[in-house]
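Peer 1: take a look and give me a structure for this.
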Amino acid sequence: ARDALRYFDGPTRDGRTIANVNDFQTVITDHPALGVGVFDKFFYLVVTDGVPFPDAFEAVVLANRIYWHGETGFYDGACGVLRAASDLNQDVS
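Peer 2: Predicted coordinates for the structure are as follows:
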């Protein structure tokens, strides 16, 4: 069996990636891909909480296109997804 490239349900299973914004450390700025687990876990929780996969995916893609930029942090990134979902007339309550 091969290991997964990413574990959306548990990003820390690879031994390097973080899954919680509170685990972010400045050392990660040298390896920003290690912070992607925060959004992987976010996406996993949204979908397993009942948001249809296509809706969640569409909101994240739109946020990436119009709300995120190189300096976007975790909290602003999450707000961007909510704005994108609202732009798509998805329920954000």
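Peer 1: who are the contact partners of the most centrally placed residue in the chain?
Peer 2: Closest residue to the average C-alpha location of the chain: Phe39 at 1.6 Å, with CA atoms, centre = their mean. Residues in contact with Phe39 (CB atoms under 8 Å, 6 or more residues apart in numbering) are Val60, Phe74, Gly77. C-betas here are computed from N, CA, C, even on glycine.
Peer 1: and the gap between the first one and Phe24?
Peer 2: To tie it back to what came earlier, the one meant is Val60. 19 Å (CB to CB, to the nearest Å).
Peer 1: between the two, which one's more packed in?
Peer 2: Using other CB atoms under 10 Å as the criterion, Val60 and Phe24 rank with Val60 on top: 20 against 15.
Peer 1: and the more buried one, which of the three is it?
Peer 2: Assigned by DSSP: H, G, I helix; E, B strand; the rest coil, the conformation of Val60 is helix.
Peer 1: wouldn't it be in contact with Ala85 here?
Peer 2: No. Contact status for Val60 versus Ala85: not in contact, 9.1 Å apart, counting by CB atoms under 8 Å.
Peer 1: what is in contact with those two at once?
Peer 2: In contact with both Val60 and Ala85: no residue, using CB under 8 Å, 6+ apart.
Peer 1: can you list the contacts of Phe39 in TSV and add pLDDT and distance to Pro52?
Peer 2: Below are the contacts of Phe39 laid out as TSV (pLDDT from 0 to 100; distance: CB to CB, whole Å):
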residue	pLDDT	distance to Pro52
Val60	97	13
Phe74	88	24
Gly77	94	21
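Peer 1: among these, find me the one that's closest to Trp68.
Peer 2: For those, the minimum distance to Trp68 (CB to CB) is 5.9 Å, reached by Gly77.
Peer 1: so how far is Val61 from the closest residue to the closest one other than its chain neighbours?
Peer 2: Spatial nearest neighbour of Gly77, chain neighbours left out: Trp68 (5.9 Å); criterion: CB to CB, 6 or more residues apart in numbering. Relative to Val61, Trp68 is positioned 10 Å away (CB to CB).
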